[in-house]
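A.B. asks: take this sequence and fold it.
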Amino acid sequence: MRTHDIMEKKLNDYYSDKYNLDVYNEPTREVPAKKPSSRGNTQTRHAAKTRGKTRHAAARYAQKPPVAEKKDGRVAPKRVAKDNNAYRAKKKPMTKSKKTLVAVIAALCALGVIAAGVFFGTGLFREFKKSQPFKYSQGVYVAGIDIGGLSEDEALTKLKENSMAAVQNLKLSVNANGVKKTYKKDDFEYKFDYKTPLAAAKIYSLKEQGIYEEPTDASGNTTATEATATELPEYELRYSVKSDSIERNVRKLALKVNKKSVNAKVSKFTPFSYDRFTYKEGKDGYRLVRSKLEKQIAKFIKSGKASGKINAEVETLAPDITVEDLKNNIVGLSTATSYSYNTENGNTNMRLALEACNGSVIEPGDTWSFNDCTGDTNLEKNGYKKATVISNQKLEQGVGGGICQASTTIFRAALFANMAIVERHNHFWASSYAAPGEDATIDYPNLDLRLRNITDYQMFMECAMEGQTLTVNIYGYQDPSYDNIKVYTENYDVVKGENYKTTTYRVLYLNHEIVNEETICHSTYSLTDGYSVKDPDSGSYRVTVYGETFSEAEPETEPETYADEEETISEEETSVYDDSADYSDDSAEYSDEGYESADDYSGDEYSEYEYEEPEAYGVDLPEEYIE
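C.D. replies: You can find the predicted model right below:
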């Protein structure tokens, strides 16, 4: 047999055996052989085409009709009529190994089904789901805010950003004594309860996802939870208004409502007249009761109402001082006088200064200034004339000489009116018209006399000069904590030919007992140019505007009674300081230096008794008296 015939037969046998094909003895039809072609034998081409084919291609080829062998030994294909039942595949019995393999696969599938049932039917699946990041189920809302598909942190952030949408709109009108204010929800701040709705929404989501477990205690008993899942995934966001935001709004309203009461006062002061004072009634004040309004606002917001009105409570504050109080309590507190031996120009300057200070009204807590009243006393255009002054430790002619006696008289009246001494300076040399430590020099604008009213009532000052007598009266409130005042001075640290020092004291009495003693000021006086140490004031008691004075007895002894109002009091008793005696002493002292007496002085020569001291020798007050 030819090679290609052998190959054809082997292929035929191979596919017949492989696919278990049997050829039925069906009638066949001879197909005449075709003439050999130059392209080669048909079977050879067919066999070549089938080489390397896939299993499916080979199977298709295997179902072709088997070939028939010719007499000469050659094999030729036989063609039979088309019939679907001409060939039928016959199953080959399964081998034992194949059956074992099938059984193993079936067993594994059964085990897989069982394992899946166990997994999904027990807590293993829930544990798996719980190990995954939690997200709220779709369709879950809190206060209308969709949190479905969000994690807990994402849901909390979204609620915080949109929480004001959960606050109900409100319109609250408040009327406080005619002051009206309308509040809206944006005027307040709120605290939101995010925990409760998010916990309830989580329970709902866990149940909906099939992984929820009821909480239990140590004994295994189910415990109640604050967050209970509702049937529908809609949850309310509860809130409350912050108390500090209410307080802030009420405090702003109080600034508009609150008004201090206005005390009755003296609206007009007419010095040296019978009806010195014209009174003006006070006014009521108002105060909002803030604590009550704060509670009312909090209660309204908690009620959930959309609108409402509140009439706030406002207290009425009566004046502390009435007109009747003024009439009963404003009295003449003190009087101070001094006598001038100055020149005509010096007396003119004193008179102008006192007229400028006359009628001064010092409000409670205010500070009065001598320089503010007089203006620049160094200018002739203001009416001041040239007189002897102390300048650079020398006697010179200067505009305004003599005004220091006016300021000194006012200073002494202020001491007995219990005014606070804010600023005061002593002269370079001790003055003849006042005890050492009781003078007050002026040098505009460098040196000033400043006094403060420390009472709750107005204070009033009367100042005048009649002839050569200077008078200052001070009216005001007589504090019941004392009923009289004593002023005294002490000299110390005397350095012969150079200077000495003086301290001024003020003592308050009540029923002849000392209730307070204070140091007013310290002074240093020069002993140059023949000046000698001047005797201090051993003790001067207050003289009232009406001439009454406390006894001159020492506090340790029982003082004498006040003089009767009908009794005529001598000039020596009513004067706080005995000028004539002091001047007599001074004249004697100066006579030792070649001067005969004070009375012999005429013109500007005598002005040495009220020379102004240069700023370098001014002694400031203790710190407690300085503003």
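A.B. asks: spit out the contact partners of Lys260.
C.D. replies: 285, 317 (CB atoms under 8 Å, 6 or more residues apart in numbering). C-beta here means a position set from N, CA and C on the backbone, and glycine is covered the same way.
A.B. asks: try the one 3 residues further on
C.D. replies: Applying CB under 8 Å, 6+ apart to Asn263 gives the contacts 282, 319-322, 456.
A.B. asks: state the mean pLDDT of stretch 452-471.
C.D. replies: Across stretch 452-471, pLDDT averages out at 97.
A.B. asks: can we start the residue count at 835 from this point?
C.D. replies: Done: numbering now begins at 835, and the last item shifts to stretch 1286-1305.
A.B. asks: how about it: buried residues?
C.D. replies: Residues of stretch 1286-1305 classed as buried by neighbour count (16 or more other CB atoms under 10 Å): 1286-1287, 1289, 1291-1299, 1304-1305.
A.B. asks: show me how this protein divides into domains.
C.D. replies: According to automatic domain parsing, the chain comprises the domains 837-911, 930-965, 1159-1387+1418-1433+1440-1459.
A.B. asks: comparing these by mean pLDDT, which bottoms out?
C.D. replies: domain 837-911 has the lowest average pLDDT among the domains of the chain, namely a mean of 55.
A.B. asks: contacts for the lengthiest strand in the chain next, please.
C.D. replies: Looking across the chain with DSSP state E, the single longest strand is strand 1347-1360. Applying CB under 8 Å, 6+ apart, the external contacts of strand 1347-1360 come out as 1227, 1249, 1255, 1258, 1260-1264, 1270-1271, 1273, 1315-1316, 1321, 1332-1343, 1365, 1368, 1389, 1451, 1453, 1455-1456, 1459.
A.B. asks: how about the helices in the stretch 1235-1384 of the chain?
C.D. replies: All helices of the stretch 1235-1384 of the chain, identified by DSSP state H, counting those that start in this stretch, fall at 1237-1250.
A.B. asks: what's the local residue count around the residue nearest to Leu1167 when sequence neighbours are not counted?
C.D. replies: Distances taken as CB to CB, 6 or more residues apart in numbering place Ala1251 nearest to Leu1167, at 4.2 Å, with adjacent residues excluded. Applying other CB atoms under 10 Å, we find 25 residues neighbouring Ala1251.
A.B. asks: now swap in Gln1239 and tell me
C.D. replies: By other CB under 10 Å, 30 other residues sit near Gln1239.
A.B. asks: in which helix or strand does Phe1026 reside?
C.D. replies: For Phe1026, the enclosing helix or strand under DSSP states H and E is strand 1024-1027.
A.B. asks: just the ones in strands from the contacts of strand 1347-1360, please.
C.D. replies: Under the assignment DSSP E, the contacts of strand 1347-1360 contribute 1255, 1321, 1333-1343 to strands.
A.B. asks: need the max-distance pair from the residues you listed.
C.D. replies: Taking CB to CB as the measure, the ones in strands among the contacts of strand 1347-1360 span a maximum distance of 32.9 Å, between Asn1333 and Tyr1343.
A.B. asks: what helices and strands are in contact with the helix or strand following the strand holding Phe1026?
C.D. replies: Going down the chain from strand 1024-1027, the next helix or strand is helix 1029-1042, by DSSP H and E. Packing contacts for helix 1029-1042, counted by 3 or more CB pairs under 8 Å, 6 or more residues apart in numbering; DSSP states H and E, involve strand 975-976, helix 986-996, strand 1068-1069.
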